[in-house]
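# Sharing a model prediction with you, sequence too.
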Amino acid sequence: MNDKLEQSLLNIDKESFQNDLIDWFEAEQRNLPWRENKDPYRVWVSEIMLQQTRVDTVIPYFNRFIEWFPTLDDFAEADEEKILKAWEGLGYYSRVRNLHSAVKEVKETYNSVVPDSPEEISKLKGVGPYTAGAILSIAYGKPEPAVDGNVMRVLSRILVIDEDIAKPKTRKTFEKAVRALISHENPSAFNQALMELGALICTPGKPACLLCPVQKHCQAFAAGIQTELPVKIQKKKTRDVPIVAAVLKNERDEFLIHKRSSEGLLANLWEFPNYEMHTSIQPKRAFFEASFLESYRTDVKLSDSFTMLDHVFSHLVWKIDAYRGSLLTDIEESVMKEQNLKWVSKEELEQYAFPVSHQKIWKSYQQTYVMD
């Protein structure tokens, strides 16, 4: 532990800080579905969902997920298509794939009981230090740190930690701080209280310091520098990727969809045919028609563009222009199979898991062509 952090910790009355924080949490905590009990499986699912996703967005997904897969065994035995459909719209699909792999391992190796030791739980796929700490502390009452963005923001102000929170190594500093401060009598409430405080009071930008239950312990507030913390160096700008997509319908009122590769971004999700444009010289419509012919040995004719949308990832932005169109000749069955293509009815289409961007394309198509 560095000298600066050690001195900051010495300046805090730990017992008083713990009591003030936990008392506030027990009185003011939000009524969230994953807090109904401390089932490790439910805690685990909620924490994976809450990574990179807002609480309000997660609530209906969590409720549906638990309805579809009420127990760890139910989820372990589910097929991937249903799992992806349950996760559809949450994004970052590697999260649910890793969760599924890990849950199957828990069923097979640990007799369906989520491990309660840091060593064993950390071996599970997709379970990093934060998720492990959250499950161990919230579900099992172990005094383990669970350091997320909210916790780093709160403690950077409480203890005046000015290390760059965007750097992975900085997490170690905050884990040391939590270990020094955590309540051993009630680690579950302590860790949840830090997260809740960051979500509701100690927010980015201008924190609501006058409402803060631990204001008297906050060294940044005492120094008047709370809005200057945490320190976070801005990441590099995202890269724009122009994409032309098409909703293609045949004479049987079926729509052509394509299953993405099992590797890489949005693996195994379904989508409408689309191509990344590598040149701005060729018109979009002509580029799509030529690319489709090359891919599937079939001519396609596009008509009008019905929507343009941006879909933002952490490292790039898809700038999608979507058209409607139809095939001039049928795609050979062998090509359909090789290229993971399917013709589906409007009703069948709803059963497949699509990335958010293609859900938006479909929604816009339906709104634009009501009588289609």
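Received, thanks. Because the structure is a prediction, the values reported are computed rather than measured. Residues are numbered from 1 along each chain as shown.

# Show me where the stretch 101-250 of the chain has its helices.
Counting by DSSP state H, counting those that start in this stretch, the stretch 101-250 of the chain has helices at residues 118-121, 129-134, 149-158, 170-181, 187-200, 219-223.

# Same list (those) but as a markdown table, adding mean neighbour count and distance to V231.
For every residue, glycine as well, the C-beta is placed using N, CA and C. Converted to a markdown table, the helices of the stretch 101-250 of the chain look like this (neighbours: other C-beta atoms under 10 Å; distance: least, C-beta to C-beta, whole Å):
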| stretch | mean neighbour count | distance to V231 |
| --- | --- | --- |
| helix 118-121 | 15 | 28 |
| helix 129-134 | 23 | 20 |
| helix 149-158 | 24 | 7 |
| helix 170-181 | 19 | 9 |
| helix 187-200 | 22 | 16 |
| helix 219-223 | 17 | 12 |
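
# if we compare those helices, which one ends up closest to D164?
Ranking the helices of the stretch 101-250 of the chain by proximity to D164 (C-beta to C-beta) places helix 170-181 first, at 6.0 Å.

# tilt between that closest one and helix 149-158?
Between helix 170-181 and helix 149-158, the angle formed by their directions is 70 degrees, by axes from the mean of the first three to the mean of the last three C-alpha atoms, to 10 degrees.

# Which strands or helices does helix 170-181 pack on?
For helix 170-181, the packing partners by 3 or more C-beta pairs under 8 Å, 6 or more residues apart in numbering; DSSP states H and E come out as helix 3-10, helix 14-28, helix 129-134, helix 149-158, helix 187-200.

# which stretch in those is the model least sure about?
The minimum mean pLDDT among the helices and strands packed on helix 170-181 belongs to helix 3-10 (a mean of 92).

# Which positions within it qualify as buried?
For helix 3-10, the neighbour count (16 or more other C-beta atoms under 10 Å) marks L5, S8, L9 as buried.

# Next: stretch 311-330.
H311, W318, I320, D321, A322, Y323, R324, G325, L327.

# Among the buried residues of helix 3-10, which one lies nearest to V147?
L5 (13.8 Å).

# correct me, but that closest one touches E175?
No: the criterion here is C-beta atoms under 8 Å, and L5 misses it with E175 at 11.2 Å.

# start to end distance for stretch 24-40?
Length of stretch 24-40, first residue to last, C-alpha to C-alpha, to the nearest Å: 24 Å.

# Please state the offset of that stretch from the chain centre?
Relative to the mean C-alpha coordinate of its chain, stretch 24-40 is positioned 21 Å out (C-alpha atoms, centre = their mean, to the nearest Å).

# Next: stretch 236-247.
With C-alpha atoms, centre = their mean, you get 20 Å for stretch 236-247.

# Identify the residues contacting stretch 56-63?
Stretch 56-63 is contacted from outside by L32, P33, W34, V45, S46, M49, L50, A86, W87, G89, L90, using C-beta atoms under 8 Å, 6 or more residues apart in numbering.

# Which stretches in the chain count as strands?
Using DSSP state E, the strands found in the chain span residues 239-248, 255-259, 270-271, 274-276, 300-312, 316-327, 341-344.

# Of all the ones you listed, which one comes closest to V356?
Minimum separation from V356 across these (C-beta to C-beta) falls at strand 300-312, 6.7 Å.

# With only the CA atoms kept, save the closest one in CSV.
Provided in CSV are the C-alpha atoms of strand 300-312 (Å, rounded to 0.1, in the frame of the first residue of the first chain):
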residue,chain,number,x,y,z
VAL,A,300,-30.7,-8.5,-56.1
LYS,A,301,-32.5,-5.3,-56.8
LEU,A,302,-32.7,-2.5,-54.1
SER,A,303,-35.3,0.2,-54.2
ASP,A,304,-35.5,3.0,-51.6
SER,A,305,-33.5,3.6,-48.5
PHE,A,306,-35.9,3.7,-45.5
THR,A,307,-33.6,4.5,-42.6
MET,A,308,-30.2,5.7,-41.6
LEU,A,309,-28.8,5.0,-38.1
ASP,A,310,-25.7,5.1,-36.1
HIS,A,311,-24.8,2.3,-33.7
VAL,A,312,-22.0,3.0,-31.3
